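>>> Mind folding the following:
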Amino acid sequence: MGLFVFLRSRLSDKRKNPYFCLFIIEITMHFLDELFILQSIEDTENGFTTILRCNPEHLIYQAHFPGNPITPGACLLQTASEVLQRKLCRPLFLKASKNVKYLNVLIPAECKEVRFTFLNLVESETECKAQVVIADETSVYTKMSLTFSYEPI
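Sure, this is the predicted structure:
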């Protein structure tokens, strides 16, 4: 909600329609290569691991929260989706998320690099599933199980 309020405050009165604000977020907010900069991808036995560098100057941190920025959980989920799309070289559409656990707050000034580990990656003809762990050397930030469709739902 913080980003929504921030964007709305920056728009002219004609553009303060909430649907317009949500549309702007949807078409402008991609997090891979902006909020997080991809450093490396390495295949593992049952998935792959990526190292991403946090970009503490990103617009999202001005809204969530000014003076005490933290990474929104929804941005972590979206970034995981974008990483998996890049790895599989195909568009993905989130179908289900289970067991999403936000265990620690990811503060961009304190966490220079973060590791997104994709485990138990299973692909079928219509969807793919993966467990994702987001962590750095000292903390686990998020664990989640995601299911993606290859076609819009």
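>>> avg pLDDT for stretch 140-153?
The predicted model assigns stretch 140-153 a mean pLDDT of 94.
>>> again but with stretch 32-47, I slipped
94.
>>> neighbouring contacts of it?
By CB atoms under 8 Å, 6 or more residues apart in numbering, the residues outside stretch 32-47 that reach it are 48-55, 58, 60, 71, 75, 79, 82-83, 86-87, 113-114, 117-121, 130. In this view, the C-beta of every residue, glycine as well, is placed from N, C-alpha and C.
>>> Keep only those of these that are in strands.
Among the contacts of stretch 32-47, DSSP state E puts 48-54, 113-114, 117-121, 130 in strands.
>>> what sits opposite the residue nearest to residue 86 when sequence neighbours are not counted in the beta ladder?
Excluding its sequence neighbours, the residue lying closest to residue 86 (CB to CB, 6 or more residues apart in numbering) is residue 32, at 6.7 Å. Beta-bridge pairing of residue 32 under DSSP bridges involves residue 36.
>>> Roughly how far does residue 32 sit from residue 66?
Residue 32 sits 24 Å away from residue 66, going by CB to CB, to the nearest Å.
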